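[1] just need the structure, nothing else, for what follows:
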Amino acid sequence: MTYFYETLFDFTGSDVFVEGEWTLCEVHPSSENNPSYDRILAWAWRFENEMRAVIVNYAPEAAQARVKLPWIPEAHEPVIFDDHATDEVYDRERHELRAEGLYVDLGPWQFHWLSCALHAGVAAPA
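    Numbering: from 1, shown residues only. Model (predicted):
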């Protein structure tokens, strides 16, 4: 439990949450016949070159969705997301993020705490 709170405080200690701009993200179905997207909530913040997002499955069943993250600039390089909740790193194509949104597949009550740099070639702060 201590690790969870240390990670949470580290993630939310960024200036992006104090100085940044906040938005509720649009959440869309991941496919035509999958209504589980309505179990997903998502928020994003940005400040300077950094974006952070919190994506939550608030249900006791798995859910899949496409989350439209704002502020993804056009560029050829992929976006690198660091998931502070799991220590995973995700590499996603910008054109897919801009057109369809970020695909998420979350088990019951699971979540992502994501950070990324908004400009290509620049790493987001840890």
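[2] all helices of the protein, in order?
    Ranges of helices in the chain, per DSSP state H, are 2-12, 16-19, 94-99.
[3] out of the ones you listed, which is closest to A65?
    With CB to CB as the measure, helix 94-99 is the member of these nearest A65 (13.5 Å). (Glycine included, C-beta is placed from N, CA and C.)
[4] check the offset of the helix or strand of the chain with the lowest mean pLDDT from the chain's centre.
    The helix or strand of the chain with the poorest confidence is helix 2-12; it has a mean of 80 (mean pLDDT, DSSP states H and E). Relative to the mean C-alpha coordinate of its chain, helix 2-12 is positioned 17 Å out (CA atoms, centre = their mean, to the nearest Å).
[5] can you check stretch 18-32 too?
    Counting by CA atoms, centre = their mean, stretch 18-32 is centred 8 Å from the centre of its parent chain.
[6] what does it contact?
    Defining contact as CB atoms under 8 Å, 6 or more residues apart in numbering, one finds that stretch 18-32 is touched by 35-38, 40-47, 50, 52-53, 55, 64-70, 101, 103-105.
[7] try it again with 6 Å
    Residues outside stretch 18-32 that contact it (CB atoms under 6 Å, 6 or more residues apart in numbering) are 37, 40, 42-47, 64-68, 70.
[8] also stretch 103-113?
    Taking CB under 6 Å, 6+ apart as the rule, stretch 103-113 contacts 11, 54-57, 60-67, 83-85.
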